[in-house]
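**Q** My questions concern the predicted model and sequence given below.
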Amino acid sequence: SRVLRADPARKGLLYAGTESGMYVSFDDGLSWKTFQLNLPIVPITDLTIKDNNLIAATQGRSFWIIDDITPLHQLNNEVAAKPFYLFKPMNTYRMGGGNGATSKTAGTNHPGGVLVNYYLKDTAKTDTIRLAFKEMDGDVIKVFSNYPDKENDESQLKTVPGMNQMNWNMRYKGATTFPGMILWWATTNGPTAVPGEYTVSMSVNGMEQNQTFELVKDPRSSSSQEDLQEQFDFMIAVRDKLSEANQAVIDIRKVRAQINDVVKKAGEENEEVTKMGKEILADMKTIEEALYQTKNESRQDPLNFPIRLNNKVGHLASLTSIGDYKPTDQAQAFFTEVSADIDAQIADLELILGDRIDAFNKAVYDSKIDAVKLEE
């Protein structure tokens, strides 16, 4: 053995670096198991532990780091016998960062976010697996699943038999979007969670386990907890307003397709229905073009065509998300202004989708337009 180190957080947990690899002992050295993982077969010349990270100096392969060894602190025979187990995540700094693409010549950086380790004894005997991140009062922030429900914004969870690790980027649900939407310098991402206590739950085959963890404020940030909360609350409001604008566009396009189908069947012989339908289509087009730049077909098109209301609020989200600062007075004032414009367009749309659509449907019913009509 080249080097031997004792884990300060768990009595009896030892790490050994040898001429040909790494080993671990849970019983104060009475027995040893290989602890090679993805480390190449290489001499280990030194080991140290800092902030529950294990750092290995090698001869010929530079430094290697295991970012989180707290699962080793929690591991025991009882855990190993369970069909699944969710390990308590480490407290995580609320800050950016990411590991990017895996390189063949350089190490992979620690991902920005909460690392969650969990154990699955046998994936063949499990049905739906879910990891849900929640506020302490139980409100769900984000869900990951091996069979994700896309309509509820669940994300894909990849699992294998044995130990698994996933990363939550600390973000809340993003804004509603629609196919083909092109915005300029705007984000539809949800805001990053504020520092504080959170819960992660794992459910497998109807059984559930919960763990708590903490998001810790970036020590380099000069903003207070109140500032960060104000930034978060503002960005939630911005996200929701962007969702309202985008949902209005979705509703317009759904209704347009149905009206076009009816007008086509009505033809010239049903003049009242055709006239009402075309008027509704024209008024909805005006609202849609106020909410979204419908001329955009490529990422560069916004250079030629001015941005509309949803792009304005999406751009505000991009600007407010920069740094850890509460929104400026100007941001607040602009949001009030653009929100009023969006609300006015949605109010006009609601009038169309209410009384005018009811009247249109009645006219269609009275005209007895054929449900199926073949072209001559």
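**A** Received the coordinates, thanks. Residues are numbered from 1 along each chain as shown.

**Q** where are the low-confidence patches of the stretch 51-200 of the chain?
**A** Applying pLDDT under 70 to the stretch 51-200 of the chain flags residues 98-101.

**Q** So which residues of it form helices?
**A** Along the stretch 51-200 of the chain, counting by DSSP state H, counting those that start in this stretch, helices occupy 70-74, 77-81.

**Q** what's the closest of those to Lys88?
**A** The closest of the helices of the stretch 51-200 of the chain to Lys88 is helix 70-74. By C-beta to C-beta, the value is 6.4 Å. No exception for glycine: its C-beta is placed from N, CA and C like everyone else's.

**Q** Show me the contact partners of the closest one.
**A** 7, 9-10, 13, 24, 52, 87-90, 117, 163 (C-beta atoms under 8 Å, 6 or more residues apart in numbering).

**Q** For those, could you give me TSV that also reports neighbour count?
**A** Shown next, in TSV, are these (neighbours: other C-beta atoms under 10 Å):
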residue	neighbour count
Asp7	18
Ala9	12
Arg10	15
Leu13	19
Val24	17
Asn52	18
Phe87	24
Lys88	16
Pro89	22
Met90	21
Asn117	19
Met163	14
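
**Q** Spatially, which two of the residues you listed are the most separated?
**A** Using C-beta to C-beta, the two most remote members of the contacts of helix 70-74 are Val24 and Pro89, lying 20.9 Å apart.

**Q** hang on, the earlier thing: let me know which of the helices of the stretch 51-200 of the chain is tucked in deepest.
**A** Compared across those, helix 70-74 shows the largest average neighbour count, a mean of 17 (mean count of other C-beta atoms under 10 Å).

**Q** Put the alpha carbons of that helix into PDB.
**A** Below are the C-alpha coordinates for helix 70-74, written out as PDB (Å, rounded to 0.1, in the frame of the first residue of the first chain):
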ATOM      1  CA  THR A  70     -21.500  10.500   1.700                       C
ATOM      2  CA  PRO A  71     -23.200   7.300   0.300                       C
ATOM      3  CA  LEU A  72     -20.300   5.400   1.900                       C
ATOM      4  CA  HIS A  73     -21.200   7.000   5.200                       C
ATOM      5  CA  GLN A  74     -24.800   5.800   5.000                       C
END
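
**Q** chain center to it, what's the gap?
**A** Mean-position distance between helix 70-74 and its chain equals 27 Å (C-alpha atoms, centre = their mean, to the nearest Å).

**Q** How about stretch 343-354?
**A** On C-alpha atoms, centre = their mean, the centre of stretch 343-354 falls 30 Å from that of its chain.

**Q** Next: stretch 39-48.
**A** Distance of stretch 39-48 from its chain centroid, counting by C-alpha atoms, centre = their mean, is 36 Å.

**Q** now swap in stretch 72-79 and tell me
**A** That offset, for stretch 72-79, works out to 30 Å (C-alpha atoms, centre = their mean).

**Q** what do you get for stretch 129-140?
**A** Mean-position distance between stretch 129-140 and its chain equals 13 Å (C-alpha atoms, centre = their mean).
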